[in-house]
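K.L.:
based on what follows, work out the 3D shape:
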Amino acid sequence: MARLGIIAGGGGLPQKLIAACRRDHKPYFVLAFKGQTDEITVKESPHAWTKLGATNEAIRILKDNDVDAVVMAGGMRRPSLLEMKPDMRTIQVFMRLGKKAFGDDALLRAVADELEKDDFVVIGAHEVEPALITPEGVLGKHKPTEESMVDIAFGIKVTQAIGEMDIGQAAVVQQGITLGVEAVEGTDALLDRCRHLARKGHGGVLVKSCKPQQDRRLDIPAIGIRTVHKAYQSGLAGIAVQAGASYLLDREEVIEAADKLGLFIMGFKKP
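P.N.:
Numbers count the residues shown, from 1 in each chain. Okay, here's the model as predicted:
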């Protein structure tokens, strides 16, 4: 019987997809990566371990386990080439990409292309679990102030600019000033960094948006409980994420936590 292959990175998204497959009685198989995937993710699931850069092995494992469609879910720490020890197929992908191999978006597209060459159908996480998609509007009891709305509007421009350059998906803006933008370190580290840069007065805003050129089957922005707590610890007033083009993990719990901590959560439509 054909199965969905969950190509699992770190974080909570792979577990959400596993839960959705179990709920819908959909056969699945998890491809986990050493040093990347959380062990708890695969503890009670059919799975196999491989390493980043072992493209031929990964494809063989998926085929051996009757996978016909795949979904990429969860973050991946970018190792050096020495750490990765890529096989020849991976090296050929890097050679074709050239300088573009340093950008997450281009690299993910190349991975998807390689999977499609071997007749896998690549789908988005929202096709497995539609409830992940962030809705439009204010979520919860706290609303952004006029000052926060100005910061959000500027933050959208900033995230679109860094997205076009394939740098990152998030920015922190306070009182019209960009405190930081996301790069390879990820959102958690961005918030930790901005905690020490916060200005006195009205708190800033975390803005996350999809890259303009993003293939929305792959690596769209996501927030969860951890994001809310990090934003609170950094003194922010709230979080704004692109509606329809981002994932909201544990929606009820996220809204409840934001309500208790006094933060707003908002899904915005890109102008």
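K.L.:
look up phi and psi at residue 240.
P.N.:
According to degrees, to the nearest 10, the main-chain angles of residue 240 amount to phi -120, psi 130.
K.L.:
touching, it and residue 268? I think so.
P.N.:
Yes: distance between residue 240 and residue 268: 5.3 Å, which falls inside the contact criterion (C-beta atoms under 8 Å). (Each C-beta comes from the backbone N, C-alpha and C, glycine too.)
K.L.:
when these two are compared, which one has more neighbours?
P.N.:
Residue environment comparison for residue 240 versus residue 268 gives the larger neighbour count to residue 240, 28 against 24, counting by other C-beta atoms under 10 Å.
K.L.:
who's in contact with that one?
P.N.:
Residues in contact with residue 240, defined by C-beta atoms under 8 Å, 6 or more residues apart in numbering, are 144, 152, 155-156, 205-208, 266-268.
K.L.:
could you do residue 187 as well?
P.N.:
Contacts for residue 187 were tallied using C-beta under 8 Å, 6+ apart; they are 169-170, 206, 208, 223, 227, 230.
K.L.:
compare those and tell me which has the most neighbours.
P.N.:
Counting neighbours by other C-beta under 10 Å, residue 206 leads the contacts of residue 187 with 31 neighbours.
K.L.:
surely it forms part of a helix?
P.N.:
No: looking at residue 206 with DSSP: H, G, I helix; E, B strand; the rest coil, it is strand, so not inside a helix.
K.L.:
wait, isn't residue 77 in contact with residue 36?
P.N.:
Yes: using C-beta under 8 Å, residue 77 makes contact with residue 36 at a distance of 6.2 Å.
K.L.:
what's the most distant pair in the contacts of residue 240?
P.N.:
By the measure C-beta to C-beta, the contacts of residue 240 have their two most distant members at 144 and 208, which lie 14.7 Å apart.
K.L.:
which stretches of the protein form strands?
P.N.:
In the chain, the strands defined using DSSP state E lie at 3-8, 28-33, 47-50, 67-73, 121-123, 137-139, 170-174, 177-181, 205-208, 222-223, 238-242, 247-248, 264-268.
K.L.:
and the second one, which strands flank it?
P.N.:
Read it as strand 28-33. The sheet places strand 28-33 alongside strand 3-8 (parallel), strand 47-50 (parallel), with pairing taken from DSSP bridges.
K.L.:
single out the most deeply packed of those strands.
P.N.:
The densest packing among the strands paired with strand 28-33, expressed as mean neighbour count by mean count of other C-beta atoms under 10 Å, is seen in strand 3-8 with a mean of 24.
K.L.:
just the CA coordinates for that one, please, in PDB.
P.N.:
Below are the C-alpha coordinates for strand 3-8, written out as PDB (Å, rounded to 0.1, in the frame of the first residue of the first chain):
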ATOM      1  CA  ARG A   3       2.300   5.600   2.000                       C
ATOM      2  CA  LEU A   4       3.000   9.300   2.600                       C
ATOM      3  CA  GLY A   5       6.700  10.000   3.400                       C
ATOM      4  CA  ILE A   6       7.200  12.600   6.100                       C
ATOM      5  CA  ILE A   7      10.700  14.000   5.600                       C
ATOM      6  CA  ALA A   8      11.200  15.200   9.200                       C
END
